[in-house]
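Asker: Here's a sequence, model it:
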Amino acid sequence: MTDISAQPWMTGEAADLFAMATEFFGREVPAGREKWEAQQHVDRSFWRKCGELGLLCVNAPVEYGGGGGSFLHQATIQEAYARLGDRSWGNTIHSGVVADYISDYGTGEQCRRWLPKMATGEMLGALAMTEPSGGSDLKALRTRAVRTDEGWRISGSKTFITNGGSADLVLVACSTDPSKGSRGISLVVVEAKDAAGFTRGRPLSKLGQHGADTTELHFDDVLVPASNLLGQEGQGFAIMMGKLPQERLMIGITAVNAIELAVAVTTDYVAERNAFGGPLLDKQHVRFELAECATLAKVARVFLNECIRVHLSAGLDLATSSMCKWWLTDIQCQVVDRCLQLHGGYGYMTEYTIARLYADARAQRIYGGTNEIQKELIARSLKATGRY
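Answerer: The predicted structure is shown next:
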């Protein structure tokens with residue numbers, strides 16, 4: 001695995017955070033993984049431990065219980081966790097998306113009400129964007145929020161929602177004025193406890209990422225106070241689009257760590273596995289396959305580091321974030337597949353890390369906007385500017 005502390009964006013403070021998080025995750029995640037996968041969600045006690053260590057809402061302002069950090073600190077925590085090859089913990093959405101939305105667009109009252117509890121793990125966050133009929137097409141939202149004298153009344157359904165089964169706070173993308181298209185989309189916050197008309201579907205049975213909490217959510221005339229509107233009415237689509245580059249960069253961090261882990265565990269395996277009179281690593285084909293995969297891992301890491309550097313200094317543009325997301329996740333799937341092949345039949349056994357990496361990788365090319373959508377966004381930027 002890459003020495004992450006040697007990365008150009010890893011400052012001394014971030015390196016200390018990385019060391020602490022690595023030690024904690026290395027102890028807690030392997031111990032909890034089997035249980036999390038069986039129950040299809042991470043224990044709330046794990047979230048609370050993360051809160052005690054300051055690993056939640058690290059970007060949120062200190063006055064609201066957060067760490068007062070930047071994306072550098074969020075990326076550092078993501079690196080420490082992703083290196084284990086586990087995909088159960090939904091902190092990318094909780095801290096990297098929901099808490100950031102509230103910090104950047106919430107009122108002072110909203111920040112005081114929600115962020116301190118999110119920082120301790122007492123309150124978990126989810127973002128409800130995707131709908132059963134819409135997929136990546138956010139402009140086609142059918143969930144409605146109607147303003148009344150009592151507040152907002154929400155009706156509709158969402159699917160594939162990370163943290164959906166456990167979330168106490170759900171940011172719901174709604175159409176508040178269908179006549180305005182994307183300019184009529186708003187974000188309304190539902191506090192799940194005792195919200196009449198709010199129900200959760202069963203945990204979704206997935207190909208991989210079995211420990212991740214992924215569910216359907218249903219809103220049947222759910223009433224929330226008018227003060228639960230996040231940002232301005234009609235600003236929801238712009239808020240989501242503005243934050244997608246960072247979300248896609250976080251997906252890229254997961255992809256690169258999975259690539260590096262796949263190469264590492266496969267190198268160890270072929271060095272130990274004997275076939276046809278000697279270690280597999282002695283076979284030229286095996287060495288060439290590993291050489292190619294290791295090269296792809298190196299290039300992926302360099303590209304990711306550059307994306308992180310740009311995002312920390314000026315903010316990553318939409319087209320580059322799309323390049324980051326589609327290419328890194330495509331390479332993740334390619335490398336993991338090739339590494340699984342080098343394991344032979346054992347690569348298909350779930351007790352081997354490579355099998356879990358294979359099953360978990362496939363969704364990376366779908367969520368955060370499918371890779372086909374990413375290519376379309378890149379192509380539009382080329383058409384608009386004539387360059388990249």
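
Asker: pLDDT weak spots in the stretch 51-200 of the chain?
Answerer: 135-136 (pLDDT under 70).

Asker: Tell me which stretches of it form helices.
Answerer: Here the stretch 51-200 of the chain has its helices, by DSSP state H, counting those that start in this stretch, at 71-82, 91-93, 100-105, 108-120.

Asker: Which of the ones you listed sits closest to residue 225?
Answerer: Across those, the minimum distance to residue 225, taken as C-beta to C-beta, is reached by helix 108-120, at 10.8 Å. All C-beta atoms are positioned from the backbone trio N, CA, C, and that covers glycine.

Asker: Show me what the closest one is in contact with.
Answerer: Residues from elsewhere that reach helix 108-120, judged by C-beta atoms under 8 Å, 6 or more residues apart in numbering: 48, 51-52, 56-57, 60-61, 64-67, 94-95, 98-99, 102-103, 106, 123-125, 168-169, 189, 227, 230.

Asker: can you give me the angle the longest helix along the chain makes with helix 71-82?
Answerer: Counting residues, the longest helix found in the chain (DSSP state H) is helix 236-272. Angle, helix 236-272 to helix 71-82, by axes from the mean of the first three to the mean of the last three C-alpha atoms, to 10 degrees: 40 degrees.

Asker: So what's the model's average confidence on the helix or strand just after helix 236-272?
Answerer: Moving toward the C-terminus from helix 236-272, the next helix or strand (DSSP states H and E) is strand 274-275. The average pLDDT for strand 274-275 rounds to 90.

Asker: which residues sit against strand 274-275?
Answerer: Contacts of strand 274-275 (C-beta under 8 Å, 6+ apart): residue 280.

Asker: Identify the residues contacting the nearest residue to residue 225 once chain neighbours are set aside.
Answerer: Nearest non-adjacent residue to residue 225, counting by C-beta to C-beta, 6 or more residues apart in numbering: residue 151, 4.6 Å away. Taking C-beta under 8 Å, 6+ apart, we find residue 151 in contact with 223-228.

Asker: got it, and residue 158?
Answerer: 128-131, 143, 164, 172, 216-219.

Asker: let's see 6 Å
Answerer: Taking C-beta atoms under 6 Å, 6 or more residues apart in numbering, we find residue 158 in contact with 128, 131, 217.

Asker: From residue 274, how far out is the residue nearest to the first one when sequence neighbours are not counted?
Answerer: What it means is residue 128. Of all residues not flanking residue 128 in the chain, residue 158 sits nearest, at 4.0 Å (C-beta to C-beta, 6+ apart). Note on residue 158: its distance to residue 274, by C-beta to C-beta, to the nearest Å, is 51 Å.

Asker: Residue 292 too?
Answerer: For residue 292, the distance to residue 274 - C-beta to C-beta - is 23 Å.

Asker: Then residue 246?
Answerer: Noted for residue 246: a distance of 46 Å to residue 274, by C-beta to C-beta.

Asker: cool, and residue 23?
Answerer: 35 Å.

Asker: Repeat that for residue 178.
Answerer: Separation of residue 178 from residue 274 (C-beta to C-beta) stands at 65 Å.

Asker: where do the strands sit along the stretch 101-250 of the chain?
Answerer: Taking DSSP state E, counting those that start in this stretch, the strands of the stretch 101-250 of the chain run over residues 125-128, 144-147, 152-162, 169-175, 185-191, 198-203, 214-224, 229-230.

Asker: Tell me, how many residues neighbour the nearest residue to residue 178 once chain neighbours are set aside?
Answerer: Residue nearest to residue 178 in three dimensions, not counting chain neighbours: residue 184, with 5.9 Å by C-beta to C-beta, 6+ apart. For residue 184, the tally of surrounding residues (other C-beta atoms under 10 Å) stands at 18.

Asker: domains of the protein?
Answerer: Per automatic domain parsing, the structural domains of the chain span 4-123, 126-234, 238-385.

Asker: Out of all residues in this protein, which is the farthest from the middle?
Answerer: Centroid-distance maximum for the chain: residue 277 at 44.2 Å, with C-alpha atoms, centre = their mean.

Asker: Check the contacts of helix 108-120 for burial and list the buried ones.
Answerer: Listed as buried from those are 51, 56-57, 60, 64-67, 94-95, 98-99, 102-103, 106, 123-125, 168-169, 189, 230; burial here means 16 or more other C-beta atoms under 10 Å.

Asker: Residue 301: which element?
Answerer: Using DSSP H and E, residue 301 falls within helix 284-313.

Asker: hang on, the earlier thing: name the member of the contacts of residue 158 with the most neighbours.
Answerer: Highest neighbour count within these: residue 128, with 28 neighbours (other C-beta under 10 Å).

Asker: Not counting its neighbours along the chain, what's nearest the residue positioned nearest the centre of the chain?
Answerer: Residue closest to the mean C-alpha point of the chain, counted by C-alpha atoms, centre = their mean, is residue 92 at 4.3 Å. Counting by C-beta to C-beta, 6+ apart, residue 92 lies nearest to residue 250, which is 4.9 Å off, once chain neighbours are set aside.
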